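# no sequence for this one, just the structure:
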C-alpha cells in the first residue's frame with residue numbers, strides 16, 4: 001500500500017487548509033505526524049478505521065479535524081486557525097492491520113511522502 005499526501009501550501013496565519021491522504025489499498029488506523037524545520041517529528045492526530053476513536057495532540061486540539069472516507073481509502077486533516085508554529089512537513093501514516101492506535105511513529109506501517117504547510121505571520 002502506498003500513501004499519497006496532498007493539500008499543503010502557503011497560507012496566512014488564521015487561514016485554513018485541508019490535507020488529504022489517499023491510500024492505494026485498505027488501511028486501518030490512519031493519522032498525521034509533522035516535522036518542523038530543526039525540530040523532531042511529532043504526532044498530530046489519528047483516527048481509527050471506524051472513525052469511532054480520534055486523538056489529537058494538544059497544540060492542534062480544537063483547530064484541526066481528522067476524518068476519513070473508507071470507500072475512497074482516504075483520510076483528511078482539516079486545519080483551521082493556522083498559526084506560524086504549524087509550519088511543517090505533514091506526513092500521513094497508516095496501519096497495515098487492525099491494532100491499537102498509537103502516538104508513536106514506529107507503530108505505523110505505511111508513511112506518505114509528506115506535504116509542506118507554511119503559515120506566514
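Structure's in. What do you need? Note that this is a predicted model, so its numbers are computed, not measured.

# can we go C-alpha only for contacts and neighbour counts from here?
Will do.

# could you pull out the buried residues of stretch 36-48?
For stretch 36-48, a neighbour-count test (16 or more other CA atoms under 10 Å) marks 36, 41-48 as buried.

# please apply the same query to stretch 84-92.
Neighbour-count burial for stretch 84-92, counted by 16+ other CA under 10 Å, picks out 86-92.

# now, those that are in strands?
Under the assignment DSSP state E, the buried residues of stretch 84-92 contribute 88-92 to strands.

# Provide the backbone phi and psi angles at the residue nearest the centre of the chain.
Nearest to the geometric centre of the chain sits residue 32, at 2.4 Å (CA atoms, centre = their mean). With angles defined as degrees, to the nearest 10, residue 32 sits at phi -140, psi 140.

# same question for residue 76.
Backbone torsions of residue 76, given as degrees, to the nearest 10, read phi -130, psi 150.

# in contact with the nearest residue to it once chain neighbours are set aside, which residues?
Take residue 76 and drop its neighbours on the chain: the residue closest to it by CA to CA, 6 or more residues apart in numbering is residue 20, 4.5 Å away. By CA atoms under 8 Å, 6 or more residues apart in numbering, the contact list for residue 20 reads 4-7, 74-77.

# sorry, back to before: nearest to residue 100 among the ones in strands among the buried residues of stretch 84-92?
Set against residue 100, the nearest of those by CA to CA is residue 92 (16.9 Å).

# state the pLDDT value of the closest one.
In this model, residue 92 is scored at 98, pLDDT.

# the helix or strand harbouring the residue nearest to residue 76: how far from the chain's middle?
Element membership for residue 20 (DSSP states H and E) is strand 17-23. Centroid displacement of strand 17-23 relative to its chain, using CA atoms, centre = their mean, to the nearest Å, is 8 Å.
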